[in-house]
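Asker: everything below, folded, please.
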Amino acid sequence: MLDVAVIDDPAAAGVSLDPVRAQLLAHLAEPGSASTLAPRAGLSRQKINYHLRALERHGLVELVEERRKGNCTERVLRATAASYVISPAALPAVAPDPDRSRDQLSARWLLALAARMVREVGELMAGASAARKRLATFAVDTEIRFASAADRAEFAAELSRTVAALAAEYHTEKAERGRDHRLVIALHPSLKDHAVPGGRTTRAAGDGTTTEEP
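Answerer: Numbers count the residues shown, from 1 in each chain. Predicted coordinates for the structure are as follows:
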């Protein structure tokens, strides 16, 4: 089982978004059958089998083993991944294009970059898996508390200068055996949940603004 799998097929994406099937995928992090899943999902074994066949048809679950029980055969299945991400490739006609409007200060451009990363890394993962090779990637994740918007702007400017200098130092245009790599760096306010009276949740951003959710 993979830790994360990227869904790029529109039909598979539609199947995974069905609430019942999404619940079954979560249950099938551990192997199970229609008989074991029926009481957990509150559905009949026949309905569970119907949903499992759809998930298996689109490669979201896989057969682990078959057990003979009298005149019946119990099929034990497992999800192909612990979690799934739907690639923008599943909606190619409306997939965001970061080249359409390049704006370093735009949250929408940031989302377009993130969407492209999901699509490209998903395709690379599929290719590396087929070739039985390890995909060379690197990521950094951290949080910074800025004292002011001015400090945040200065940090962004200094980071841009540093990255540009590093890229210029290591980029070799004519390296015969070289391979191009894409580098994306993102900065956005952190989300922190705070419970408030009345059963609502305020979601506070790192810049002090809040939004209220039902």
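
Asker: contacting residues around the longest helix seen in the chain?
Answerer: The single longest helix within the chain, with elements called by DSSP state H, is helix 107-131. Applying CB atoms under 8 Å, 6 or more residues apart in numbering, the contact partners of helix 107-131 are 6, 8, 85, 87-89, 95-98, 100-103, 134-135, 137, 182, 184, 186, 188. Every C-beta, even on glycine, is put in place using the N, C-alpha and C of the backbone.

Asker: out of these, which are inside strands?
Answerer: 6, 85 (DSSP state E).

Asker: which parts of this protein belong to which domain?
Answerer: Residue ranges for the domains of the chain, per automatic domain parsing: 2-85, 138-210.

Asker: ends of the longest one, what's the gap?
Answerer: Domain 2-85 has an end-to-end distance of 12 Å (CA to CA, to the nearest Å).

Asker: any idea of the mean pLDDT in that domain?
Answerer: For domain 2-85, mean pLDDT is 94.

Asker: if we can go back for a sec, how far off centre is the longest helix of the chain?
Answerer: Distance of helix 107-131 from the chain centroid (CA atoms, centre = their mean, to the nearest Å) equals 9 Å.

Asker: with stretch 92-99 instead?
Answerer: 17 Å.

Asker: for it, output the C-alpha coordinates as CSV.
Answerer: Below are the C-alpha coordinates for stretch 92-99, written out as CSV (Å, rounded to 0.1, in the frame of the first residue of the first chain):
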residue,chain,number,x,y,z
PRO,A,92,-8.1,19.1,-17.9
ALA,A,93,-10.5,21.6,-19.5
VAL,A,94,-10.6,23.7,-16.3
ALA,A,95,-7.2,22.9,-14.7
PRO,A,96,-5.4,26.0,-13.5
ASP,A,97,-2.5,27.3,-15.6
PRO,A,98,0.1,29.2,-13.6
ASP,A,99,1.5,30.7,-16.8
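
Asker: quick one: buried residues of that stretch?
Answerer: Buried residues in stretch 92-99, counting neighbours by 16 or more other CB atoms under 10 Å, are found at 96, 98.

Asker: at which residues are the helices of the protein located?
Answerer: Using DSSP H, the helices found in the chain span residues 10-17, 19-27, 34-41, 45-57, 107-131, 149-170.

Asker: on that earlier part again, I'd like the domains of the chain laid out as JSON lines, including distance to residue 130.
Answerer: Formatted as JSON lines, the domains of the chain follow (distance: least, CB to CB, whole Å):
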{"stretch": "domain 2-85", "distance to residue 130": "13"}
{"stretch": "domain 138-210", "distance to residue 130": "18"}
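
Asker: deepest-packed of those domains, please.
Answerer: With neighbours defined by mean count of other CB atoms under 10 Å, none of these is more surrounded on average than domain 2-85, at a mean of 16.

Asker: now stretch 70-82: how far from the chain's centre is it?
Answerer: Worked out by CA atoms, centre = their mean, stretch 70-82 lies 26 Å from the chain centre.

Asker: correction: the previous question concerned stretch 85-98.
Answerer: For stretch 85-98, the distance to the chain centre is 13 Å (CA atoms, centre = their mean).

Asker: equivalent analysis for stretch 128-143, please.
Answerer: With CA atoms, centre = their mean, you get 14 Å for stretch 128-143.

Asker: quick one: end-to-end length of it, please.
Answerer: Span of stretch 128-143 from end to end, CA to CA: 31 Å.
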